[in-house]
Every structure is written in C-alpha cells, then in structure tokens.
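K.L.:
how does the following fold in three dimensions:
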Amino acid sequence: MRLAIIGGGILGTAHAMAAIRRGHEVVQLERELEARGATVRNFGLVWVSGRSAAELDLALRARRLWEEIGGKVPGVGFRPSGSLTLVRTPEELAVAEAAAAGPGAEARGFALLDPERVRAVNPALRGKFLAGLHCSTDAAVESRQALPALRAYLTASGRYTFHSGTEAREVADTGSGVRVRDDRSRFFDADLALVCPGAAHTGLVRELAGALPVRRVRLQMMQTAPLGEPLPTAVADGDTFRYHPGFAGPEVDALNREQSQTATAAEHAMQLLCVQRLDGGLTIGDTHEYTEPFAFDLDDAPYEHLTSVTEELLGRRLPPVVRRWAGVYSQSADPGAAVTRVRAERHVWVITGPGGRGMTLGPVLGEETADLLEL
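P.N.:
Next up is the predicted model:
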C-alpha cells in the first residue's frame with residue numbers, strides 16, 4: 001500500500017514510521033523547509049509520570065517504542081533519564097506521598113525520596129526542597145534533532161520520500177484511493193491519505209473535516225547556555241501536580257484550595273519543567289494560554305518566575321538564557337481522548353490533537369492508527 005502523509009511533525013512522522021515498519025510505501029509532505037511547530041518547540045520529554053490512569057498503558061507502550069527507536073536511530077538522542085518532581089510545601093508533599101503509594105505507582109516507577117536520596121540521584125539539585133517524587137520511567141529525546149534523524153532512517157528503507165517546502169492544496173478521494181495536489185501543481189497518488197496538521201486547523205483541514213473538536217494552546221519556554229555540570233534527570237516543581245491528570249485526587253484538590261500559586265504562575269497557568277539538552281543547556285518552561293487570539297509577543301514575567309524557581313531548586317545561578325520562544329499545539333477538546341481522528345473521506349483521515357503529550361505518545365498513536373486502518 002502507498003500512503004500520502006501531510007504534515008512533517010512528530011505525529012505525521014510517527015505515522016510514517018508505523019507504515020514503513022509494516023512494509024508500506026510513504027510519501028510525506030511538509031509545507032515548511034523543516035518542521036517548525038510544537039514538535040521542535042517542546043522539552044523532548046517522554047513523560048509517563050503525569051499521564052492519567054486511562055492513558056498509562058499507552059504511555060508505557062510509547063516509552064518502550066521510543067527506547068526501541070533510540071536503539072535503531074541514535075540521532076534522536078533517547079536517554080532513560082527519569083524525572084524528579086521536587087516539593088517545597090506540606091501540601092505538595094501530600095500529593096507526592098499519595099502518588100508514590102497510589103494505583104499505578106509501581107508501573108510508573110514512582111519512589112518518594114528525601115533530600116539526601118534526591119541528591120544521590122541528581123547531585124546538581126543542591127537547593128531547597130522537602131522531598132522529590134522520582135519517576136524512573138520518564139525519558140527524553142532531542143526534539144530539535146529527532147525529526148531529521150528519523151527521516152534519514154526512513155529514507156534508508158527505500159520506501160519513503162520526503163518533500164519539504166511543499167504545501168498540500170487539495171486531497172481528492174478518487175474512490176479507489178486519493179490524489180494529492182501540491183502548491184506547485186504536482187500530483188501524488190496513493191491508496192490512503194493521513195493529514196497530520198498539528199495546530200493548523202484552517203484551510204485544507206477545514207475543507208476536509210470541518211470544525212474539529214480541538215483547541216489550540218500557546219506556551220512560552222526558554223533555553224540556557226550549558227550548565228557546566230550534568231543534570232541527570234528531568235526536574236519539575238510541585239505546580240506540575242496541578243496540570244497533569246495522573247496526580248488528580250483529593251490531595252491535589254487540597255493543594256489547589258490551600259496553596260495558591262504565585263500571581264505570575266496563576267496568571268499564566270505555569271508549571272516548571274526543566275530538561276538538560278545533550279549540549280549541556282537547559283530547556284525550561286512553561287506557560288499555558290488557552291484563549292485566542294494569542295499574543296504575538298513574549299512576556300518577561302513568566303521567565304523571571306521560571307528562573308527564580310529553577311535557581312531555588314538547583315541552589316545556584318542559572319547560566320545565561322540564550323533563546324526564548326513561544327509555541328502552539330493542538331489539544332483534543334475531550335480530555336479523555338489521546339488524539340482526535342476524523343475520517344474525512346473513505347480514503348482520507350485527519351489526525352491531530354494529542355496536546356502537550358504529542359512527543360510522548362507519537363509512536364504509539366501511529367501504531368494505533370495503523371491497527372485501526374488494518375495496515
């Protein structure tokens with residue numbers, strides 16, 4: 001079978017991988033010269049710890065697939081680094097204790113560590129905190145280099161072709177397959193078209209599928225110069241508990257009721273996540289903005305908050321910030337849906353909306369779609 005995949009982000013590329021693994025041919029179109037959306041603007045986290053109970057098996061399967069991919073494609077930079085969510089108040093500690101003792105704790109690799117044991121796992125954490133919730137199953141990849149590495153691997157199969165700087169203008173169901181027309185009036189014939197548009201919900205996507213049950217979310221992040229020492233795990237703060245469904249429960253309700261976020265963190269719906277890149281720099285974020293139209297500029301206050309919290313946990317000054325950016329991702333309106341799949345025509349599907357978990361779940365969502373379509 002021959003597939004046309006429109007969209008060169010992690011979701012489209014994961015679907016290409018699933019098809020190639022099953023012996024099919026793939027032509028993939030990306031409107032930019034290189035993907036520039038949420039895939040390359042995230043932490044590169046393979047984040048098991050915060051997934052809901054309903055998504056836990058899916059996240060663990062995705063984690064295993066990423067490890068397998070990392071063994072075959074070293075350029076993605078996969079590393080089983082784990083994470084530490086550091087708590088600084090009794091209310092946050094109560095959430096961590098419940099998570100470490102709750103259902104799914106063993107599968108997630110949860111362990112609640114005192115400060116001494118935290119520093120044994122991650123010696124760079126010399127700051128102020130009461131404890132750390134260690135998740136041994138969390139991992140990381142290099143989001144800015146993963147896609148080129150994956151495409152090179154797929155190209156070596158001899159059954160994959162990538163067209164960059166190529167925008168699909170029309171996807172026509174022919175009855176026996178599809179014909180895709182690009183912005184240079186070239187045509188690509190295939191048996192099936194998968195449209196993975198990321199956060200682009202208008203234009204061709206709206207023509208094909210109408211109004212999708214998804215929303216867009218904007219975030220702000222930053223990256224520092226090299227830290228000068230290893231940061232062996234990803235690091236999160238207690239505000240993370242508020243935004244990830246895997247921690248939901250009476251303890252989080254009490255946290256929200258009894259411990260307010262700082263004014264800046266509340267205004268921008270913030271949590272701290274921090275991941276060290278292979279070059280030693282730190283990717284730090286993030287904010288959440290849900291109401292469109294989104295601002296086009298970057299606010300300084302969230303960066304000041306993130307810097308302050310990170311420095312408190314590290315017990316040292318951060319290196320200089322070398323870049324700041326905003327990104328937008330697509331999130332399914334149904335909180336229980338890991339992704340939104342809409343059948344636009346007999347041979348055309350639109351697939352989007354994994355939200356902030358797109359990097360984590362990409363490989364397993366591609367496999368799920370392949371199973372659904374009996375590829």
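K.L.:
CA only for contacts and neighbour counts going forward, please
P.N.:
Noted.
K.L.:
state the phi and psi torsions of residue 226.
P.N.:
Main-chain torsions, residue 226, degrees, to the nearest 10: phi -50, psi 140.
K.L.:
need the contact list for it.
P.N.:
279-282, 319 (C-alpha atoms under 8 Å, 6 or more residues apart in numbering).
K.L.:
before we move on, what about residue 53?
P.N.:
Here residue 53 is in contact with 104, 246 (C-alpha under 8 Å, 6+ apart).
K.L.:
could you give the number of residues near residue 192?
P.N.:
Per other C-alpha atoms under 10 Å, the neighbour tally for residue 192 reads 23.
K.L.:
and it, how close does it get to residue 16?
P.N.:
Going from residue 192 to residue 16 by C-alpha to C-alpha, to the nearest Å gives 12 Å.
K.L.:
same check, this time on residue 233
P.N.:
Relative to residue 16, and taking C-alpha to C-alpha, residue 233 is found at 30 Å.
K.L.:
now do stretch 299-312: everything it contacts.
P.N.:
Residues contacting stretch 299-312 (C-alpha under 8 Å, 6+ apart): 127-128, 221-222, 264-265, 268, 270, 272, 274, 284-287, 317-318.
K.L.:
tell me what the lengthiest helix in the chain is packed against?
P.N.:
Counting by DSSP state H, the longest helix found in the chain is helix 56-72. With contacts taken as 3 or more C-alpha pairs under 8 Å, 6 or more residues apart in numbering; DSSP states H and E, helix 56-72 sits against helix 358-372.
K.L.:
now do the helix it packs on: distance to the chain's middle.
P.N.:
Offset of helix 358-372 from its chain centre (C-alpha atoms, centre = their mean, to the nearest Å): 13 Å.
K.L.:
that one vs helix 56-72, what angle?
P.N.:
Angle of helix 358-372 versus helix 56-72, following axes from the mean of the first three to the mean of the last three C-alpha atoms, to 10 degrees, is 100 degrees.
K.L.:
how about helix 358-372: buried residues?
P.N.:
358-367, 369-370 (16 or more other C-alpha atoms under 10 Å).
K.L.:
over to stretch 148-168?
P.N.:
Residues 149-151, 153-154, 160-164, 166-168 are the ones in stretch 148-168 that count as buried (16+ other C-alpha under 10 Å).
K.L.:
so, low pLDDT: which residues of the stretch 51-200 of the chain?
P.N.:
For the stretch 51-200 of the chain, no stretch is flagged by pLDDT under 70.
K.L.:
thinking again about what came up before, which of the contacts of residue 226 are buried?
P.N.:
Using 16+ other C-alpha under 10 Å as the burial test, the contacts of residue 226 include 280-282 as buried.
K.L.:
which of the residues you listed fall in strands?
P.N.:
Per DSSP state E, strands hold the following members of those: residue 282.
K.L.:
where along the stretch 1-150 of the chain do the strands fall?
P.N.:
2-6, 25-29, 45-46, 83-87, 110-113, 131-135, 139-140 (DSSP state E, counting those that start in this stretch).
K.L.:
can you redo these as a markdown table with mean neighbour count and distance to residue 59?
P.N.:
Output for those, formatted as a markdown table (neighbours: other C-alpha atoms under 10 Å; distance: least, C-alpha to C-alpha, whole Å):
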| stretch | mean neighbour count | distance to residue 59 |
| --- | --- | --- |
| strand 2-6 | 25 | 24 |
| strand 25-29 | 22 | 26 |
| strand 45-46 | 26 | 8 |
| strand 83-87 | 28 | 15 |
| strand 110-113 | 22 | 15 |
| strand 131-135 | 27 | 13 |
| strand 139-140 | 26 | 11 |
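K.L.:
of those, which is nearest residue 330?
P.N.:
Among these, strand 2-6 comes nearest to residue 330, with 15.9 Å by C-alpha to C-alpha.
K.L.:
ok now that closest one, how far from the chain's centre?
P.N.:
In terms of C-alpha atoms, centre = their mean, the gap separating the centre of strand 2-6 from the centre of its chain is 23 Å.
K.L.:
go on, stretch 264-284?
P.N.:
For stretch 264-284, the distance to the chain centre is 13 Å (C-alpha atoms, centre = their mean).
K.L.:
Three-state assignment for residue 323, please.
P.N.:
What DSSP: H, G, I helix; E, B strand; the rest coil gives for residue 323 is strand.
K.L.:
isn't residue 224 up against residue 322?
P.N.:
Yes: with contact defined as C-alpha atoms under 8 Å, residue 224 counts as touching residue 322 (5.2 Å).
K.L.:
between the two, tell me which one has more neighbours.
P.N.:
residue 224 (19 against 12).
K.L.:
list the contacts for that one?
P.N.:
Residue 224 makes contacts with 281-283, 318-323, as judged by C-alpha under 8 Å, 6+ apart.
K.L.:
do you know how far it is from residue 88?
P.N.:
Taken as C-alpha to C-alpha, the span from residue 224 to residue 88 is 24 Å.
K.L.:
repeat for residue 17
P.N.:
42 Å.
K.L.:
please identify which of these two sits among more neighbours.
P.N.:
Set side by side, residue 17 and residue 88 show more neighbours around residue 17, with 22 against 15, by other C-alpha under 10 Å.
K.L.:
my guess is that one contacts residue 154. True?
P.N.:
Yes: using C-alpha under 8 Å, residue 17 makes contact with residue 154 at a distance of 7.0 Å.
K.L.:
so what sits against both of these two?
P.N.:
If you check residue 17 and residue 154 against C-alpha under 8 Å, 6+ apart, no residue is contacted by both.
K.L.:
how about the nearest residue to residue 259, chain neighbours excluded?
P.N.:
In space, and not counting its chain neighbours, residue 259 is closest to residue 91: 7.2 Å by C-alpha to C-alpha, 6 or more residues apart in numbering.
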